[in-house]
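*Asks:* coordinates for the following, if possible.
(2 chains)
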Amino acid sequence: MNSSIPVSAVISAIRPLAQDVSLYTLQTEPGNLAASSFLAGQFLELSLPGVGEIPVSYCGYPTKDGSIELCIRHIGHVTIPLKTSAAGNVVALRGPFGVGFPMSAYNGQDLVLIAGGLGMAPLRSLLLTLLARRKRYGKITVLYGARDAESLLFLDELLELQRQGAIALSLAVDRTDHGLANVPGCRIVLLPELLDQLAIDPGRTFAAVCGPPVVYPYLVSALQVMALPDDRIHLSLERRMKCGVGRCGHCAVGRYLCCVDGPVFSCAQLAGIEGALG
Amino acid sequence: MVARFLEISNLKALLNLLRQRGPVHGPLRGADGVVRFASLTRGVLPDLSASRTMLPPKKYLLYPRERILTYTDHEGYRVPAEPGLPLILFGVHPCDLAGVNYLDKIFLGDDPDPLYSARRARLILVGSSCIPDRFCSCHASPSPLQALSDLFLHTVDGGFILTSESACGDELLARMQSVLEECTMDVPEDTRRFFGSTDAVPVIAEPEATGPEWQECADHCLGCGACSVCCPTCSCFDVLEFGGLDGCSAERVRQWDNCLFKGHAQVAGGLSFRKDRAERFRYRYWHKYGGFGPLRDVVSCVGCGRCRVACPTGIDLRQLAGQLDKGGK
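*Replies:* All right, here's what the predicted structure looks like:
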């Protein structure tokens, strides 16, 4: 298959997650590589025919039946028109592209997943991958912050995993307009403050971070204060990956290309790069 | 390597023979005084003494604006058909040959770009020696990029020595036997000697990101992007999609983009990762002298001098690369 040509997929389900955020399930041919062989943290290029193409992180776990889950916020030139689409509509996709989270490095280690807002989407994929082989890993902690309680994505899934004891979960919201009482353990703090009460063993912990660019500098410095080495901090970066294969030149981060060298980078890779963390 | 002599008076006859193989394009000075690669129709001779064309050969491989995909509800996305006719590009300087070599590294390989690879396969390159002028800097530092061509013309007194560099070049030489003579003189020092270096220094000294040189250049830069448009190795492109009025078809277009433009690093929601001009200016510098992604550490400046000619405020990247003290003029 040539990675330049999008293949058709059908929207099989749309599940609203929050205001302007929905989980799309796409159906491709069973065995399609874009559905069956990706790593958490990788992305695909989603086409809405007649409108355009955008990079979207995988949100789910690889499947053999050809289904793919993508978490979409209706904010851009493709995702706003996509809002009017319905189950049965046709889209197209190319992928998977990029470098995902280094799963083999996580064997036997504790994981701290830190998500801000829509950053939960790729980290959900990582979380599902970790849970699929739960015994391989130590303690899994999820720290998740959003604007308000209504914007916390996949809250039901996360609370259930916490109840089962599979993960430790801390939640934070910036605002407390309403609904906070329904979310157990949710605090009105900024996301980096969730790290204050967390004890980690820096020698056997990896942090996987994904959020809006504005939170990265604060999260990284908070993790560094906890003595977590830079090569144990993994960040998923958002850039304008138009081609996905290292050609169009839009997604450069320093001298890396986000589409082929990333979008998951270690903090050590990004040290000293102007604008890397937003 | 096969070498033959061509008397200058036979150039027209040689072009006629080449034309039997396909359309021939070469440097031509237009009525507006601008030298550009254009069609060499019968009887028209190329301007082989011109220092450089305004645009490099990339315009033949990566069109300024082109349809890359078509869509119909019935067929999905498809790559449009590319005509398979050969194109002979005549009189290409070593720097531009190296520029094509760099584009090959980006667009060919294991997962080639369908349109680029189709055009590249039918492109026949006839290189020519040149005399560097004050804007050129191929001689400032050796480059690992290779100046590859099918045929190469070395300018000598009274004509050219033609050398064949590929099977296609051998075939062309055979085809042109009637206008060529045995070569009795030595091939002059090759003007491609700065390319294909195995001990090329990968990265040129990088000035402090916050140093005064940067700010001075950024202050002068108008952000017009002319340097990037005329660069043989700048190949950033934007991708746009247009829906058909029938509601069930579409076409996807790519067009040259420019890293000096504000929108280049913008993502959904309007956030830009290179907000100010100095950042965008440094980005271009790093791309030229440091390389990105799979081509990290490959210097992509081939020294053609076009950006220095085109810049309305006279910015010279060699100043930042520390090349002015190393033999650049």
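
*Asks:* can we go C-alpha only for contacts and neighbour counts from here?
*Replies:* Will do.

*Asks:* I figured A:Ala168 hits A:Thr141, correct?
*Replies:* Yes: checked against Cα atoms under 8 Å, the pair A:Ala168 and A:Thr141 is within contact range at 4.6 Å.

*Asks:* where's B:Val35 relative to B:Arg29, distance?
*Replies:* Applying Cα to Cα, to the nearest Å, the value for B:Val35 to B:Arg29 is 4 Å.

*Asks:* more crowded one of the two?
*Replies:* More crowded of B:Val35 and B:Arg29, by other Cα atoms under 10 Å in any protein chain shown: B:Val35, with 20 against 16.

*Asks:* nearest spatial neighbour of A:Phe43, chain-adjacent residues omitted?
*Replies:* Of all residues not flanking A:Phe43 in the chain, A:Ser57 sits nearest, at 4.1 Å (Cα to Cα, 6 or more residues apart in numbering or on different chains).

*Asks:* quick one, which of A:Ala168 and A:Thr141 is more surrounded?
*Replies:* Neighbour count, other Cα under 10 Å: between A:Ala168 and A:Thr141, A:Thr141 has more, with 20 against 17.

*Asks:* check contacts around the more buried one.
*Replies:* Counting by Cα atoms under 8 Å, 6 or more residues apart in numbering or on different chains, A:Thr141 touches A:Leu111, A:Val112, A:Leu113, A:Ile167, A:Ala168, A:Leu169, A:Ser170.

*Asks:* neighbours of the last one, how many?
*Replies:* By the measure other Cα under 10 Å, the count of residues near A:Ser170 is 23.

*Asks:* again, but for the second one
*Replies:* As a burial measure, A:Val112 scores 23 neighbours (other Cα under 10 Å).

*Asks:* any idea of the pLDDT on it?
*Replies:* What the model reports for A:Val112 is a pLDDT of 96.

*Asks:* quick check: which element contains it?
*Replies:* Assessed by DSSP states H and E, A:Val112 sits inside strand A:110-116.

*Asks:* need the three-state assignment for the closest residue to chain B within chain A.
*Replies:* In chain A, the residue that lies nearest chain B is A:Gly50 (3.7 Å; Cα to the nearest Cα). What DSSP: H, G, I helix; E, B strand; the rest coil gives for A:Gly50 is coil.

*Asks:* describe which strands the biggest strand by length in chain A pairs with in its sheet and in which direction.
*Replies:* With residue count as the measure and DSSP state E as the assignment, chain A has strand A:7-18 as its longest strand. Paired neighbours of strand A:7-18 in the sheet (DSSP bridges): strand A:21-27 (antiparallel), strand A:90-97 (antiparallel).

*Asks:* mind listing what's buried in it?
*Replies:* For strand A:7-18, burial by neighbour count (16 or more other Cα atoms under 10 Å in any protein chain shown) applies to A:Val7, A:Ser8, A:Ala9, A:Val10, A:Ile11, A:Ser12, A:Ala13, A:Ile14, A:Leu17.

*Asks:* and if you look at stretch A:226-240?
*Replies:* Residues A:226, A:228-230, A:232-240 are the ones in stretch A:226-240 that count as buried (16+ other Cα under 10 Å).

*Asks:* so which of the residues you listed are also by chain B?
*Replies:* A:Glu238, A:Arg239, A:Arg240 (Cα under 8 Å from any Cα of the partner chain).

*Asks:* ok, the first one - contacts?
*Replies:* The reference is to A:Glu238. A:Pro213, A:Cys258, A:Pro263, B:Val267.

*Asks:* keep only those of those that are in strands.
*Replies:* Per DSSP E, those never map to strands.

*Asks:* which helix is the longest one in chain A?
*Replies:* The single longest helix within chain A, with elements called by DSSP state H, is helix A:120-132.

*Asks:* does anything pack onto it? Which helices or strands?
*Replies:* Packing contacts for helix A:120-132, counted by 3 or more Cα pairs under 8 Å, 6 or more residues apart in numbering or on different chains; DSSP states H and E, involve strand A:205-210.

*Asks:* show me which positions of the following helix or strand past the strand it packs on end up buried.
*Replies:* Counting by DSSP H and E, the element after strand A:205-210 in chain order, helix or strand, is helix A:216-225. Neighbour-count burial for helix A:216-225, counted by 16+ other Cα under 10 Å, picks out A:Tyr216, A:Tyr218, A:Leu219, A:Val220, A:Ala222, A:Leu223.
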